[in-house]
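**Student:** A predicted structure for the sequence below; I have some questions about it.
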Amino acid sequence: MSVKILRTILQETTEKLKTAHVPDPRFDARALVMSAFKLDTAHLLLYEDKTLDDLCPQVFPDRRALETAVSEFEANVLKRAKREPLQQILGTAGFYGLEFKVTSDVLCPRADTETLIDAVLGNLMPDNVREFYKDKTSDADKTADETSDTDKIGFNSNYKAEGNGTAYDYVDRLISGKGIVETENASLLDMCTGSGCIAITLAKFGHFKEVTAVDISDAALKIATYNKDSILSQDEKERFRLLKSDMFSEIHGRYDVIASNPPYIPSKVVDELEPEVRDYEPRIALDGTDDGLKFYRILASEAPKHLKEGGFVLFEIGYDQGEKVAGLLKEANFKGVMIIKDYSQNDRVVMGHL
């Protein structure tokens, strides 16, 4: 067995991944070490100046078990050096404090998508909607720059007369924990569910009476089923339904909220993505055809047929698609159309209501 201490193994692994142009080599090296050798952060610090042999019998019962772990670790480092996604190597991805199983059949859940969850649950920060948030001041208090910012994201001076309440009341629901839907009997439809991370998270934390998650891929639905069974309580599972459907083809009911993270990357851009995405994640979940907007057009035109009166839509978008997707919702007569930024201040979610 190696006489190297764990600190040295971690440093050497970091260098290997750095040479392979892995974006965050130290983070990934730590994750691979901790996973293979069954160490949490505290125990990694405890053992970082010890050799692998010192892990027996405190961590591993015998040398055979340790040798198996070493072989797994070495294989996983090679996979990561080939740019296989870390989440697929480890088999799980964290999302909104939950652990989801992931494979090459689904997109790895991303932190950016948590912005959509926060919007539904009312957990956004004011900066996420700062242009709209300015509407709580009077027009006379706004500077010319502020007014142009508001116009830029598609709001108009008549918005306060639209829908229910003032613009500030509307935004208050996004940042106060009240949530988009205030009724206890609300229903949610998640289109293009993939791993199920959006639907399952909202079933766990959103108190929806009914959650339906849809995907066209049998393989993705299998992963979503596993995640549903492993994450949700029995009561939550009874209110959760998975359905195979080509977009709305098998959808017949009406919902209070329709959420979606559809394929939205233009076809020609997919081949230019990082290897982790381009070579290992399912193209069907990435490719939004020529301009990346195919599925938003379907969502905008078909969603009104499946929404209750006053129902909301919330769609994840690419950082440069806000104006175009907002325009599609306006053309479909949605009100209060809003572009929400993620916590890196990139446009990330477009929402509106009937």
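**Tutor:** Yes, it's here. Here the structure is a predicted model, which means the values were calculated and not measured.
**Student:** didn't residue 172 look like it was pressed against residue 180?
**Tutor:** No: the criterion here is C-beta atoms under 8 Å, and residue 172 misses it with residue 180 at 11.7 Å. Where C-beta positions appear, they are placed from N, C-alpha and C, glycine not excepted.
**Student:** out of these two, which sits in the more crowded spot?
**Tutor:** Higher neighbour count among residue 172 and residue 180: residue 180, with 22 against 15, using other C-beta atoms under 10 Å.
**Student:** Take stretch 20-36, keep the C-alpha atoms, and write them as PDB.
**Tutor:** Extracted C-alpha coordinates of stretch 20-36, given in PDB (Å, rounded to 0.1, in the frame of the first residue of the first chain):
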ATOM      1  CA  ALA A  20      -6.300  17.600 -17.900                       C
ATOM      2  CA  HIS A  21      -7.800  21.100 -17.800                       C
ATOM      3  CA  VAL A  22     -10.500  20.200 -15.400                       C
ATOM      4  CA  PRO A  23     -12.100  23.500 -14.400                       C
ATOM      5  CA  ASP A  24     -11.800  23.200 -10.600                       C
ATOM      6  CA  PRO A  25      -9.200  20.500 -10.000                       C
ATOM      7  CA  ARG A  26      -8.700  20.900  -6.300                       C
ATOM      8  CA  PHE A  27     -12.400  20.700  -5.500                       C
ATOM      9  CA  ASP A  28     -12.800  17.600  -7.700                       C
ATOM     10  CA  ALA A  29      -9.700  16.000  -6.200                       C
ATOM     11  CA  ARG A  30     -11.100  16.500  -2.700                       C
ATOM     12  CA  ALA A  31     -14.500  15.100  -3.800                       C
ATOM     13  CA  LEU A  32     -12.900  12.000  -5.300                       C
ATOM     14  CA  VAL A  33     -10.700  11.400  -2.300                       C
ATOM     15  CA  MET A  34     -13.500  11.800   0.200                       C
ATOM     16  CA  SER A  35     -15.900   9.500  -1.800                       C
ATOM     17  CA  ALA A  36     -13.400   6.700  -2.400                       C
END
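**Student:** quick check: mean pLDDT across it?
**Tutor:** Mean pLDDT, computed over stretch 20-36, is 96.
**Student:** quick one: that stretch to chain centroid distance?
**Tutor:** Relative to the centre of its chain, stretch 20-36 is centred 21 Å away, using C-alpha atoms, centre = their mean, to the nearest Å.
**Student:** same question, stretch 52-69
**Tutor:** Centroid separation for stretch 52-69 versus its chain: 36 Å, with C-alpha atoms, centre = their mean.
**Student:** Pull out the buried positions in the helix or strand hosting residue 77.
**Tutor:** Counting by DSSP states H and E, the element that carries residue 77 is helix 63-81. By 16 or more other C-beta atoms under 10 Å, the buried positions in helix 63-81 come out as 66, 69-70, 73, 76-77, 79-81.
**Student:** and it, what other elements does it pack with?
**Tutor:** Here helix 63-81 touches helix 6-19, helix 25-36, helix 86-90, going by 3 or more C-beta pairs under 8 Å, 6 or more residues apart in numbering; DSSP states H and E.
**Student:** With just CA atoms, put that helix into CSV.
**Tutor:** These are the backbone C-alpha positions of helix 63-81, laid out as CSV (Å, rounded to 0.1, in the frame of the first residue of the first chain):
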residue,chain,number,x,y,z
ARG,A,63,-6.7,-4.2,3.8
ARG,A,64,-8.8,-5.9,1.1
ALA,A,65,-11.5,-3.4,1.5
LEU,A,66,-8.9,-0.6,1.5
GLU,A,67,-7.3,-2.0,-1.7
THR,A,68,-10.8,-2.0,-3.4
ALA,A,69,-11.2,1.6,-2.4
VAL,A,70,-7.8,2.5,-3.9
SER,A,71,-8.7,0.8,-7.2
GLU,A,72,-12.0,2.7,-7.3
PHE,A,73,-10.2,6.0,-6.6
GLU,A,74,-7.6,5.5,-9.3
ALA,A,75,-10.3,4.5,-11.8
ASN,A,76,-12.3,7.6,-10.9
VAL,A,77,-9.4,9.9,-11.3
LEU,A,78,-8.8,8.6,-14.8
LYS,A,79,-12.5,9.1,-15.6
ARG,A,80,-12.4,12.7,-14.4
ALA,A,81,-9.1,13.4,-16.3
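**Student:** Mind listing residues that contact that helix?
**Tutor:** 1-2, 13, 16-17, 19-20, 22, 28-29, 32-33, 35-38, 52-53, 55-56, 60, 86, 89-90 (C-beta atoms under 8 Å, 6 or more residues apart in numbering).
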